[in-house]
Every structure is written in C-alpha cells, then in structure tokens.
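Participant: kindly return the folded structure for what I paste below:
(one chain, ligands or ions: 1)
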Amino acid sequence: MATSGNSAAVSHVGKIRANNQDSGYAGTYLFVVADGMGGHAGGDVASAIAVKRITETDRLYTSPNDAAFALHAALLAANSLLAETVFDHGELTGMGTTVSAILRVDNQIAMAHIGDSRIYLYRDAELTQISADHTFVQRLVDSGRITQEEAAVHPRRSVLMRVLGDVDASPEIDTTVLDTRPGDRWLICSDGLSSYVTDEKIAAALAAGSSTDDAANRLVKESLDQGAPDNVTVVLVDIDDSGDSSHNPPITVGSAASALVFEADSIRKPMRLPSLLLHPLKATQTDDSHFEPESDEYLDALILEDRRRARRRRISWLVFLAVVVAAIVTAAVVGYQFTQQHFYVGADNGKVAIFQGVQQDVGPIKLSHVLEATNISLDTLSPFSRQSVEATINANSLSDAHRIVDQLSDAK
Ligand code: CA
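Facilitator: Below you'll find the predicted structure:
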C-alpha cells in the first residue's frame, strides 16, 4: 500500500512516435489522462500544462457537485492557460489536448471530459464506456448521417471535434456525476489504447484478481503488441471502502512528468495575434489529425466524398461477386450437360426403363431421369437379368441402351 495504493498510471511513447504527447495522473481523489496534439512542438506541452493545472483539484470535496464544478472550472482554466502560452510562444500555435478526468467523493464520481480519450467503468466483469467521443465520426453517428458500423472503419475516425487549447475560448466540456461502489474499477486511457485494443482484450486485462499495476502494464503491453502506432496512457483506479483511492505519493506520467521545455523565443512568429483573432480556426495549422470542420456544408462534402469512395468499393465487390457466381453457374451447367450424355438401363416402377444421366445425385438434385419406359416387366426376366437391371446396366450410347433392352426382351 505504501508505494502503489490501489491505483496505477502508465504511459508509453509507443513504437512509432518520436515523443510522448500524453500525460497521466493518479492522485488521492483525482485521476486524469490528457492526449496532446499540435504539430512537432505543442502536443506534449499542451497535455502537460492541462494536467498540471487540473491536479490542483486533487482534494476532498464536500459534495460531488462541488467536485464537478471544480473540475469544470479547472479545465476552463487550463484552456485559458494554453491560449496564454501560445500567445507567449508562437511556435506552439494550434496546440491542444483532450482531457478525461474523474474526481472521487466517497461513493460518487465527478467526471469532466473533452476529446477522444476515454473513461470506462469495469463493474461485475462488464466494461462500459462512460465518456462520449468528441470525434467527427461520433458527430456523424449522432446526427444520423452514418451508422456505428461505418464509424468503426471510417477513414476520419481519429479526427477530433472538441479539445482544450488554442482553438476555442469557451470549450464545450462534458461534466457529470455518477455513482460508484467498492469493487468498481475505473479506467481512463488515451486513444493509443482504445483505438488499437478491443474491448474484449481491455476487459480481460481488467478482470478481477489483477492488481491495478499489473492490469495497467498489461493494457500498455496489449497496445504494444498491436504495434502501438500512438502514445498510450492508462490510468486505473479501484474503488474500495476507504473513501479515497490514494496513490501516495501521487504519480504523474507522460510529458507532464518532465519540466516544460519551450523552443527558443527567436523562432516566435511575429504578428500572429490579429490573424488568430480574425480566423481562429484557419490560424491553427497542425500536422495532427485533429481539426474543427468549419461548417456543416464542409461536413456534408466530406461525407459525400467518403460515401462515393465506399460506393466505388461496393461496386468493385459486386462485380467480383457476379464473376464468381457466373463461373459457378457455368461450371454447374457444363457439368450437368456432361452427365446428360450418359445412359443406362434400370428399373422404374417394376419395369425396365432407359435412363439419361448418371446414377449419382448431388444433394437434392437428381442427375438422371427416365428417358424411355418399356413394357418389359422385371417379373418376366431371369433372376440374373433382373438383378443386373436393378443394379443398373451402363450403356455407351442411347442406341447401346436400346440394344441392351432388345437383348433383355429376347432373353425372356
Ligand atoms: Ca493519441
């Protein structure tokens, strides 16, 4: 207990990224993940500034509503701080960060959330996503433009609609209060986990019996096993009877764990404020996959483009399917015609008959039929002939079949 408590925080740069732009915090009552973005310079600064500011709320509140209010205020304060930092450090223009935070007050949780990091509750062996993704695709789903299935494979599924940072003076933050109880396990993670590790694997890692440290490390390992293209951060807390979920001392991971480093003032861009004020969205060029579409028309144009691409893929598939079906049908027709060049003599309703086709059936499909019936009753044949007919006698051709029938008739 002295060192690990019942919470854990782990952050990993991943296998592709050059630096870790995530930050995480596991404290006494407060647990936070922030995923920064904003080009080569700003992401790590943004998440670190936000987490450092929000950790000031890590204390016991008298009510969950007070805690929720304090969290909300801290996120707004972090937003202002980010804007001020950009004002002083022009090279950070466009930086932003997601924030997902929970603050425990006895058996209730105050939550504040913006962006696409996620808050999950693992209760009774069931994993539930508590936070909503503020992503482009989720907005399309919510407005009925695309389905949840389309969203899961959407090419723009990582594009963010809402973040803290150099974008919006009054960001829209989700704030809520939820009940919790001993035995609950809360997970906060960056999309470096949730975009690459399935819910089933996350639930398996969280399964009862594992310590928070083991479970957090296993989650990070699952992401690494998937190639970890993104930074991955996991904060985990178990709710017990003690009233707090203390990590003593609190731990900070990711970029917030190091001192803030700014680039030299000499590369500060001059005269950027007027353009930022006039075009707050256009002034923020980032090379990350997060942006705010400027209008619904732009959204609709994007959707149309994606739909067209999906339709082209569907048409290619339909053509391929049609070719396959045509090949199967052709093979079946050719095969059937082949069988119909065969004849045999057999028994039909107690009489000798000439059949066209082959004796075998393919499932319910009969590959032979009576071509010519005769008046020769099986009863009139010798036992040997009768047995031969019942077992069927192959003929090389229709005339050969006639010859066999004539022989049977003569032998009577
Ligand atoms: Ca990320």
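
Participant: tell me which residue is most central in the protein.
Facilitator: The residue lying closest to the centre of the chain (C-alpha atoms, centre = their mean) is residue 152, at 4.9 Å.

Participant: tell me the helices in this protein, going along the chain?
Facilitator: For the chain, the helices defined by DSSP state H occupy 39-54, 64-88, 136-142, 148-152, 191-194, 199-206, 212-225, 273-278, 296-339, 383-391, 398-410.

Participant: show me which residues of the stretch 51-200 of the chain sit near the ion.
Facilitator: Within the stretch 51-200 of the chain, the residues that sit near the ion (C-beta under 5 Å from the ion) are 190-192. Using the backbone N, CA and C atoms, a C-beta is placed for each residue, glycine as well.

Participant: the residues you listed into TSV, with extra columns for pLDDT and neighbour count?
Facilitator: Below are those laid out as TSV (pLDDT from 0 to 100; neighbours: other C-beta atoms under 10 Å):
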residue	pLDDT	neighbour count
190	97	33
191	94	24
192	95	29
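
Participant: looking at these, spot the one nearest residue 103.
Facilitator: residue 190 (19.0 Å; C-beta to C-beta).

Participant: where in this protein is the helix or strand with the lowest mean pLDDT?
Facilitator: helix 273-278 (a mean of 40; mean pLDDT, DSSP states H and E).

Participant: separation between the residue nearest to residue 226 when sequence neighbours are not counted and residue 64?
Facilitator: Setting aside the residues directly before and after it, residue 226 is nearest to residue 196 in space (C-beta to C-beta, 6 or more residues apart in numbering), at 4.2 Å. Separation of residue 196 from residue 64 (C-beta to C-beta, to the nearest Å) stands at 33 Å.

Participant: which one's more surrounded, these two?
Facilitator: Neighbours around residue 196 and residue 64, counted as other C-beta atoms under 10 Å, are more numerous at residue 64. The numbers are 22 against 19.

Participant: ok, the more buried one touching residue 112?
Facilitator: No - Residue 64 is beyond contact range of residue 112, at 11.9 Å (criterion: C-beta atoms under 8 Å).

Participant: what's the local residue count around residue 175?
Facilitator: Neighbour count of residue 175, defined by other C-beta under 10 Å: 18.

Participant: confidence score at it?
Facilitator: Looking at residue 175, its pLDDT is 97.

Participant: what's it in contact with, if anything?
Facilitator: Listed by C-beta atoms under 8 Å, 6 or more residues apart in numbering, the contact partners of residue 175 are 68, 71-72, 110-113.

Participant: try it again at 6 Å.
Facilitator: 68, 72, 112 (C-beta atoms under 6 Å, 6 or more residues apart in numbering).

Participant: between the residues you listed, which is nearest residue 241?
Facilitator: Among these, residue 68 lies closest to residue 241 (C-beta to C-beta), at 22.9 Å.

Participant: the closest one: what's it in contact with?
Facilitator: Residues counted as contacts of residue 68 (C-beta under 6 Å, 6+ apart) are 110, 175, 177.

Participant: hey, what's residue 254 bridged with?
Facilitator: Residue 254 has these beta-bridge partners by DSSP bridges: residue 23.

Participant: which of the contacts of residue 175 sits closest to the ion?
Facilitator: Using C-beta to the ion, residue 112 is the member of the contacts of residue 175 that lies nearest the ion, at 18.6 Å.

Participant: chain neighbours aside, what residue packs nearest to the closest one?
Facilitator: The shortest distance from residue 112 to any non-neighbouring residue, by C-beta to C-beta, 6+ apart, is to residue 71 (4.0 Å).

Participant: cool, residue 29 as well?
Facilitator: In this structure, residue 29 finds its nearest non-sequential neighbour in residue 104, 4.8 Å apart by C-beta to C-beta, 6+ apart.

Participant: what is the burial count for residue 94?
Facilitator: Neighbour count for residue 94, taken as other C-beta under 10 Å: 26.

Participant: need the per-residue pLDDT for it.
Facilitator: 87.

Participant: got it, and residue 324?
Facilitator: pLDDT, read off for residue 324, is 92.

Participant: with residue 292 instead?
Facilitator: You'll see residue 292 listed with a pLDDT of 54.

Participant: taking the stretch 201-350 of the chain, what residue is nearest to the ion?
Facilitator: Of all residues in the stretch 201-350 of the chain, residue 230 sits closest to the ion, at 4.4 Å by C-beta to the ion.
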